[in-house]
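**Q** What follows is a predicted protein model with its sequence.
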Protein chains: 2
Amino acid sequence: MTLNDALTKLTDLETTLRYYSHALGCLNYDGETVAPRNSAPMRGETMAFLSGILHEKVTAEETGEMLDTLLAHRDELSLKDRRRAEVLKDQRDDLTLVPADEFMAYQQLMAEAMQVWHDAKLASDYAAYAPYLDRIIAYNRRFAARKNPDRPAYDVLLDGYEKGLSHETLDPFFALLRRELTPVILEVAKRPRPDTAFLNQPYPIHLQKRFTDRVMEIMGISRDDCAVGETEHPFTDGFNKHDVRITTHYHEDAVLSNLFSVVHEGGHALYELGIGDDLQGTVLAGGSSMSVHESQSRFYENIIGRSRPFCEVLLPELKALFPDQLSGVDAEKLYRAANLSEPSLIRTEADELTYSIHVMIRYELEKAMIAGDLKTGDIPGEWNRMYREYLGITVPDDRRGCLQDSHWSFGAIGYFPSYALGSAYGVQMLHNMEKDIDVWGAVRSGSLKPITAWLGEKIHRFGQLLTPKELAERGMGGPFDPNCYVQYLKKKYGELYHL
Amino acid sequence: MTLNDALTKLTDLETTLRYYSHALGCLNYDGETVAPRNSAPMRGETMAFLSGILHEKVTAEETGEMLDTLLAHRDELSLKDRRRAEVLKDQRDDLTLVPADEFMAYQQLMAEAMQVWHDAKLASDYAAYAPYLDRIIAYNRRFAARKNPDRPAYDVLLDGYEKGLSHETLDPFFALLRRELTPVILEVAKRPRPDTAFLNQPYPIHLQKRFTDRVMEIMGISRDDCAVGETEHPFTDGFNKHDVRITTHYHEDAVLSNLFSVVHEGGHALYELGIGDDLQGTVLAGGSSMSVHESQSRFYENIIGRSRPFCEVLLPELKALFPDQLSGVDAEKLYRAANLSEPSLIRTEADELTYSIHVMIRYELEKAMIAGDLKTGDIPGEWNRMYREYLGITVPDDRRGCLQDSHWSFGAIGYFPSYALGSAYGVQMLHNMEKDIDVWGAVRSGSLKPITAWLGEKIHRFGQLLTPKELAERGMGGPFDPNCYVQYLKKKYGELYHL
């Protein structure tokens, strides 16, 4: 096969993969958002079938030859073509480890597990979900053992979310957070609780939806390219740069919950929307890694979204929609309420200070499950024990405990650490960004566009052209230093709680 | 090929077609409901690609051999197997007339035309839409000429929606309606207009959504099998009997609009939900023809939905949600308002008496377009002229004129007559149903289940196992007689308007 033939075949394959991935993505999004409950089994069958075709195309001998040809000429390739081949080669290596039948069965299992998880969460019925989780864990352990029997299985899975990531980075990272943040959490608990009574009123959902529209405008996200749906658990999907979807969840008695969901998912959306035109249609047209993705969403949600200037911008918008509920509330009061720190049950609702502890608990549980040291039947007990030990609170039911997150139901084991890593990356990104632009002036002006432009230039436009490590360092202006994150949290909460 | 081999191949092909159709249906539904505006071109590409594969599978030589084998043994086959082969043969014959490239280009055209139509309607910009309509008409003319060059092209298209239907049935049908109904419409116009002022108030959309929930309950449609979405133009999609979707459109100042959209689309949904389990997964698992489908939706919308007993059931439900707006309104007043008859602009909002005139206008326009006697540039003028001539009203803009319906944008030319035929079938269905069950007792009890059960037994469960003609006759208890429809309308409106 000549190099030119291989490049043509690469483009053809990418095109085919794009079509099947789009169909699969659409079926999945439909299932997560609007499909009726009983549609899950048939959707699972269709998704398994289409995944089987994807598997067949990627693992085909011809694809192997094409990739071998490309990588044998790696020095003659442009950076873009080389990365296209490398990224596809990684995908192929992974898929080749799993026979088509097994892969299809796993896709169907996940489609069904998503529905089962959803129902189980609503009913707080862990027993209904456990058999599915068992099979998902078994699949992931088997996969990891095939991929690299010499490494801890959980490290192999982590590597799938961020190349090179392992317990050797994460154990000390979480140990640092636990060591440095626990005393702060304990101190904060002794201080007067900020007044949040004004949030404990009904904020009608149809008005919250109008507020979502305004938040999207402030973030500079065009609804022509990005839709907003509703799900039990908010998430973002990007099919291409003109077709991104975020979801949120409206609670009448928690107006800030929707706000920060939209800002968080909006951060993911801006990443997908900012991927370079030159990468569209290639395997590089997606976020680089989950940590880099979460660095964007957590940056917008917390560093920008929970800042004083952003609260100043939002307050008049909120008052226009909810004048009675917010009568007498000023920006400082909103800022303090938005940054209330206290041990709580739900990760996605947690404040910045306690957030990483939620992630650490999931990290420890996943590591133990995948190592075979923790059976699924023991997860609720262990979950609740760790929430008592690390956050000092009692989990009243599994709905607000180990059933709260959807991730395991779609096979995402090894994903959670990305949230904490991404949060930490964000602080270094801020420091780096502040060297170039007037971050807070932009926020105060009511448009985040200069911030998004900076991130677009440093990170978004590259898609998967650069490695996660390269991208994170471009954003952060240097290597990862978790102490920056710790210092940021100590300073912010020190000031908030007069520590 | 042995008969057994052919039957196995038939099942295999049906399974594959089901998966691709499901993906295509999902992409289409997503595009119609929640996808962001700019996603249309890429979705069009994906849909063209997947349609190309469907085309390839159905037109494959192997499929031809399989169908020839089955139909050579037609007398040995069960009714179900024979019909599966016949229905697939019809699909294959049609697809074979269009080369794959042309077919795929047409699929992409329709996906884009849908978005263009949507934007053009909102902007009342017919010129933006006309080039797309031109190409859709050209495709349909070319297709019809290939299929049967000896028949009028429009008859060939009609035959695609209901086998055997042609202008020879429809010309006298519409002539009868025009002749018999026009004098009634003129008489009604002279009578006092019922009081509808209570409808001209804001009915908040979030409350209308709760009313939708109640209507679905009364109709006996489980949300676990049928979702409700929102679109500019309401429609129904059925992927399988556990995955049906209806859509509606909420207008704050038109509470009855949503009501009758839901009841209409609910009628379609009940048909799809009632298709026999034994047909699931086969090509027979769908509605029999558009007329039969519309006979169900129009029956629920008008004969049931706009009846006195149904208004009696709905009023307390409405009053619970809208006590101020409906203060002093009794069931008789609601009934008269729901049956207000007057020449109007919008087909989907039209009363039963004038409705068929709206359909007739589209029928005449389509016939002329496909015959080549009417250019797309002349449609707005001709549309407006006919609305003046037949309904005596002036069309203020194309948004409320020739851009109001989505049908042409998805290639449905020859579909509109189904609405009038279906409406007429419904009256005979009612007479036949009344022989077996207490129709109005069921309505008064607040549950339509006995009615749906009767329709399920007579029509729904058969899917495409019987021909549209056989099914319509089962429902009607005999051959079609359009005079029944005319008599029903004269009696209903005679009583309403004291003619």
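**A** Sure, I can see it.

**Q** Sticking with the residue nearest to the spatial centre of chain A, tell me its helix or strand.
**A** Taking Cα atoms, centre = their mean, the centroid of chain A lies closest to A:Glu294, which sits 5.0 Å from it. Using DSSP states H and E, the element containing A:Glu294 is helix A:290-298.

**Q** Give me the distance between A:Gly276 and A:Ser297.
**A** As defined by Cβ to Cβ, to the nearest Å, A:Gly276 lies at a distance of 20 Å from A:Ser297. Any C-beta I mention is one placed from the backbone N, CA and C, and that applies to glycine too.

**Q** the strands in the stretch 1-150 of chain A, which residues?
**A** Applying DSSP state E, counting those that start in this stretch to the stretch 1-150 of chain A gives no strands.

**Q** Please apply the same query to the stretch 151-300 of chain A.
**A** Under DSSP E, counting those that start in this stretch, the stretch 151-300 of chain A gives strands at A:226-230, A:236-240, A:243-248.

**Q** Return the distance of stretch A:464-473 from the chain's centre.
**A** Taking Cα atoms, centre = their mean, to the nearest Å, one finds the center of stretch A:464-473 at 17 Å from the center of the full chain.

**Q** Other residues contacting stretch A:58-73?
**A** A:1-3, A:5-7, A:9-10, A:13, A:17, A:57, A:77, A:81-82, A:85-86, A:88-89, A:91-92, A:95-96, A:100 (Cβ atoms under 8 Å, 6 or more residues apart in numbering or on different chains).

**Q** Give me the buried entries from those.
**A** Neighbour-count burial (16 or more other Cβ atoms under 10 Å in any protein chain shown) applied to those gives A:6-7, A:9-10, A:13, A:17, A:57, A:77, A:81-82, A:85-86, A:88-89, A:91-92, A:95.

**Q** Name the residue in A:Gly276 and A:Ser297 with the higher neighbour count.
**A** A:Ser297 (26 against 17; other Cβ atoms under 10 Å in any protein chain shown).

**Q** on that earlier part again, which members of the contacts of stretch A:58-73 occur in helices, if any?
**A** Judged by DSSP state H, helices contain the following of the contacts of stretch A:58-73: A:3, A:5-7, A:9-10, A:13, A:17, A:57, A:81-82, A:85-86, A:88-89, A:91-92, A:95-96, A:100.

**Q** Chain B contacts on the stretch 151-300 of chain A?
**A** Residues of the stretch 151-300 of chain A found near chain B (Cβ under 8 Å from any Cβ of the partner chain) are A:204-206, A:222-227, A:229, A:239-240, A:242-245.

**Q** circling back to that earlier point, export the strands of the stretch 151-300 of chain A to a markdown table and append columns for mean neighbour count and mean pLDDT.
**A** Shown next, in a markdown table, are these (neighbours: other Cβ atoms under 10 Å in any protein chain shown; pLDDT from 0 to 100):
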| stretch | mean neighbour count | mean pLDDT |
| --- | --- | --- |
| strand A:226-230 | 21 | 96 |
| strand A:236-240 | 23 | 95 |
| strand A:243-248 | 26 | 97 |
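
**Q** May I see these organised as CSV, with distance to A:Tyr387 added?
**A** Putting those into CSV (distance: least, Cβ to Cβ, whole Å) gives the following:
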stretch, distance to A:Tyr387
strand A:226-230, 28
strand A:236-240, 27
strand A:243-248, 25
